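K.L.:
Structure of the sequence below:
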Amino acid sequence: MRFGLRELIFVMVLLAVPVAAWWFVFKPNNLQIAQAREEIRAKQQKLQQLQAATRQMEDLGHEIDKLTEAIDVFEAKLPAEKEVEVMLKEVWQLAAKHGLKPRSVRAEKPIKSSRYSELPLKMVITGNFDGYYAFLLDLERLSRITRVPEMKLEKLKNGDEGQMEAQFTLSIFFEPQDANPTTPKA
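P.N.:
Numbering: from 1, shown residues only. Sure, this is the predicted structure:
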């Protein structure tokens, strides 16, 4: 077999076809595939972010439901404005139960908030310290929301051992009458 110019051109054409196919077909397709893969990766990452955000929104909805339930529980513990006197009577009964003698009570101006009001009462009570401690424990166990933001205890100079005077502010939380307007009946 003779290897001439014609055969050489034929071999070169045979070698040029795969090179040309790679250059004009496979290389552009590979670039498109790489771009498509990059777009897919970016979209998958965005989808993961959206799924995480969706989970957070579901969690937030659940948290909002739990917080709403907690607010309802606290609002149930808020007496109506007209029930504040009943609460005061309960406080006086607790004081008397523990042998404490009220010396003075002064109601301050109610502090209004968006959903509740707070009635601070400046009180002075005398009696045995153990009775006062038991009074505070029973006050804490009341079904209504109260707090003692400030307190000052002094030993009575002319009294028996354990006798003291307590000056404190008792805040009673209540629901103002205009907080929940009544809906008209149909």
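K.L.:
CA atoms for contacts and neighbours, from now on please.
P.N.:
Will do.
K.L.:
in this structure, which spans are helices?
P.N.:
Residue ranges of the helices in the chain, as given by DSSP state H, are 5-21, 27-77, 84-97, 129-140.
K.L.:
mind putting those in JSON lines, mean neighbour count and mean pLDDT included?
P.N.:
Formatted as JSON lines, the helices of the chain follow (neighbours: other Cα atoms under 10 Å; pLDDT from 0 to 100):
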{"stretch": "helix 5-21", "mean neighbour count": "11", "mean pLDDT": "88"}
{"stretch": "helix 27-77", "mean neighbour count": "12", "mean pLDDT": "84"}
{"stretch": "helix 84-97", "mean neighbour count": "15", "mean pLDDT": "81"}
{"stretch": "helix 129-140", "mean neighbour count": "17", "mean pLDDT": "89"}
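K.L.:
Out of those, which is closest to Glu175?
P.N.:
With Cα to Cα as the measure, helix 27-77 is the member of the helices of the chain nearest Glu175 (7.7 Å).
K.L.:
centre of the chain versus that closest one, how much separation?
P.N.:
21 Å (Cα atoms, centre = their mean, to the nearest Å).
K.L.:
Now do that helix and helix 5-21, the angle between them.
P.N.:
Orientation check (axes from the mean of the first three to the mean of the last three Cα atoms, to 10 degrees): helix 27-77 against helix 5-21 gives 10 degrees.
K.L.:
picking up where we left off before, any chance of the helices of the chain in a markdown table, plus distance to Glu150?
P.N.:
Compiled in a markdown table, the helices of the chain are given as follows (distance: least, Cα to Cα, whole Å):
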| stretch | distance to Glu150 |
| --- | --- |
| helix 5-21 | 89 |
| helix 27-77 | 22 |
| helix 84-97 | 17 |
| helix 129-140 | 13 |
